[in-house]
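In: Have a look at this fold, sequence not included:
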């Protein structure tokens, strides 16, 4: 689903920190740093980010000085008054706790703190690959074999030790379930256990972004085989049990999950990474869909952090409160209207193009998001490796939209469309209402409907039950925009094993993406992706609306918060935080 840029985008680089192990047959890949440059005419190498040409800007991550007194009391209440308990507010619950299945932003709180992968990405304005459960690794000269040396002394929450068998089991399980972010790892041919502390991945073909893919919090994390196998039911590979429990190695454990109410995590005292002198014993993530309620709870001190507030008015008011810090980050997350290309009249490319020309991109960015977003000018966010720009842009042009509808056999419109927005994401409702007025002038009746995330998640699993249109949000799974192009527009990645929510299929695009997936020559790679992006953008399987900033709110007593480029506002590392 899902990377970010801090406000200092002009200094954004990706550092590949590749550490050698002792296997003699492999050739270590040297660490590389690519300096910032001006915007390229074609995309850079997939593992190297470049500065954007017009990314949304954000101020430094500092609190805004108060201009008036806060309107609510600042004293903490209840659990929030406990210095060892952190109360986090977020609008939408996650769908499952199973890391091989979870594929939503709200899963970040769990995935970043309960589970760990072989490697991780660090940095607020870079994506630096560093060791996690693997202490070192090597890549063969032909790019087909990745050998990882595991960290010693790591134990799962059930007390069993981490070993190479656990790594193999976790990836075999991910590939067998064919859900979540599995499409990122279909390049794996097989996994071999060399010994307890060494595991080898053999790819079907060279995949230059494989290490970056392993930094994702969706999919490539390691679970305890002992715990999962003990709870298997009817050959489900433990999916029923793991949907509500955990089997990780991370600094926190799942204590309790009350669906659509709260998720409670407790500190793992035996965490291999150890603990400093200040830490949090308990994290309570509460699901609060109303932004105004979030604001009041933060003002009163009933909560410590609010993530995903959609009202700029409430955010601006909190920024004036001396007891509150509002941080803003330029991000690589996007908002897009997803079109089900199998349902009439959206199966006609001219109708889809008409919709793209009917959308008011500037009003959405400035009126609804208050200038905390810019319009998209491609199929992905800019400011990251793998960004390619098409030769034209959809802009609001109702005359052109009207002509395209007439060409498609719909003069004067004369049809209705369902527009789904997810509960708790009020800005998406506002976008629908904005668009509704313009579509009415074209004779299109936009029916705006609210839908809980779990209902949509089930519905989008096949083309027949997926809605005609829904307002979605997307972020890169790892810091390479080509990952989104593959996941969302390749026809082999229909849900539930991929993210082609549009059920879009273009054989020419498929062929280009298949070739690009294994191409190692940069010039040829650029040409393949540039051609694919041009076709996809022309086919308009969605309306590419906005690239949005992220604004995070926390009480001033909360210390140690660090924004991570690769893990979004939800992927908070609680192990580094405390309250003063």
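Out: Perfect, I can see it now. Treat the numbers as computed from the prediction; the structure is a model and nothing was measured. Numbering: from 1, shown residues only.
In: Quick one: low-confidence residue ranges for the stretch 51-200 of the chain.
Out: Within the stretch 51-200 of the chain, the stretches falling below the threshold (pLDDT under 70) are 51-79.
In: all strands of it, in order?
Out: Taking DSSP state E, counting those that start in this stretch, the strands of the stretch 51-200 of the chain run over residues 85-90, 119-122, 128-131, 134-139, 145-150, 188-195, 198-203.
In: cool, and the stretch 201-350 of the chain?
Out: Residue ranges of the strands in the stretch 201-350 of the chain, as given by DSSP E, counting those that start in this stretch, are 252-258, 262-267, 282-287, 305-307, 324-339.
In: follow-up on the earlier one: looking at the strands of the stretch 51-200 of the chain, which is closest to residue 237?
Out: Closest approach to residue 237 among those (CB to CB): strand 188-195, 15.8 Å. No exception for glycine: its C-beta is placed from N, CA and C like everyone else's.
In: on that earlier part again, which of the strands of the stretch 201-350 of the chain has the lowest mean pLDDT?
Out: Least confidently modelled of the strands of the stretch 201-350 of the chain is strand 324-339, at a mean of 90 by mean pLDDT.
In: Tell me the helices and strands packed up against it.
Out: Where contact means 3 or more CB pairs under 8 Å, 6 or more residues apart in numbering; DSSP states H and E, strand 324-339 is packed against helix 312-319, helix 349-358, helix 426-441, strand 469-474, strand 542-555.
In: what's in contact with the first one?
Out: For helix 312-319, contacts defined as CB atoms under 8 Å, 6 or more residues apart in numbering pick out 63-64, 71, 291-292, 294-295, 298-299, 309, 324, 326, 369-370, 372, 551, 553.
In: please redo it, this time with the cut-off set to 6 Å
Out: 64, 291, 295, 309, 324, 326, 370, 551, 553 (CB atoms under 6 Å, 6 or more residues apart in numbering).
In: any residues touching stretch 474-482, and which ones?
Out: Taking contacts as CB under 6 Å, 6+ apart, the residues outside stretch 474-482 that touch it are 2-3, 14, 46, 127, 181, 184, 209, 212-213, 215-216, 218, 332-334, 380, 384-387, 483-484, 566, 568.
In: excluding its backbone neighbours, what's nearest residue 357?
Out: Distance criterion CB to CB, 6 or more residues apart in numbering; nearest residue to residue 357, sequence neighbours excluded, is residue 401 at 4.1 Å.
In: Equivalent analysis for residue 170, please.
Out: Sequence neighbours aside, residue 222 is the residue nearest to residue 170 in space, at 4.7 Å (criterion: CB to CB, 6+ apart).
In: again with residue 292
Out: Distance criterion CB to CB, 6+ apart; nearest residue to residue 292, sequence neighbours excluded, is residue 314 at 6.2 Å.
In: Do you know the pLDDT at residue 476?
Out: What the model reports for residue 476 is a pLDDT of 86.
In: I'd like the distance between it and residue 334.
Out: Relative to residue 334, residue 476 is positioned 9 Å away (CB to CB, to the nearest Å).
In: So those two - more neighbours on which side?
Out: Per other CB atoms under 10 Å, whichever of residue 476 and residue 334 has more neighbours is residue 476, with 28 against 23.
In: Validate this expectation: that one resides in a helix.
Out: No - Residue 476 is assigned coil when assessed by DSSP: H, G, I helix; E, B strand; the rest coil, not a helix.
In: what's the neighbour count on residue 531?
Out: Using other CB under 10 Å, the number of residues around residue 531 comes to 16.
In: Secondary structure element for it, which one?
Out: helix 522-539 (DSSP states H and E).
In: Residues in contact with that helix: which ones?
Out: The contact list for helix 522-539 (CB under 6 Å, 6+ apart) reads 42-43, 45, 349, 379, 388, 390, 489, 506, 509, 512-513, 515-516, 519.
In: Can you flag the buried ones in those?
Out: 43, 45, 349, 379, 388, 390, 489, 506, 509, 512-513, 515-516, 519 (16 or more other CB atoms under 10 Å).
In: Quick one: classify the closest residue to residue 490 other than its chain neighbours as helix, strand or coil.
Out: Computed as CB to CB, 6+ apart, the closest residue to residue 490 that is not its neighbour in sequence is residue 513, at 5.0 Å. In three-state terms, and counting by three-state DSSP, residue 513 is helix.
In: Residue 513 contacts residue 491, doesn't it?
Out: No - because the distance of 9.3 Å does not satisfy CB atoms under 6 Å, residue 513 is recorded as not touching residue 491.
In: can you map out the helices along the stretch 151-300 of the chain?
Out: Listed in chain order, the helices of the stretch 151-300 of the chain (DSSP state H, counting those that start in this stretch) span 164-177, 210-214, 225-230, 239-242, 291-300.
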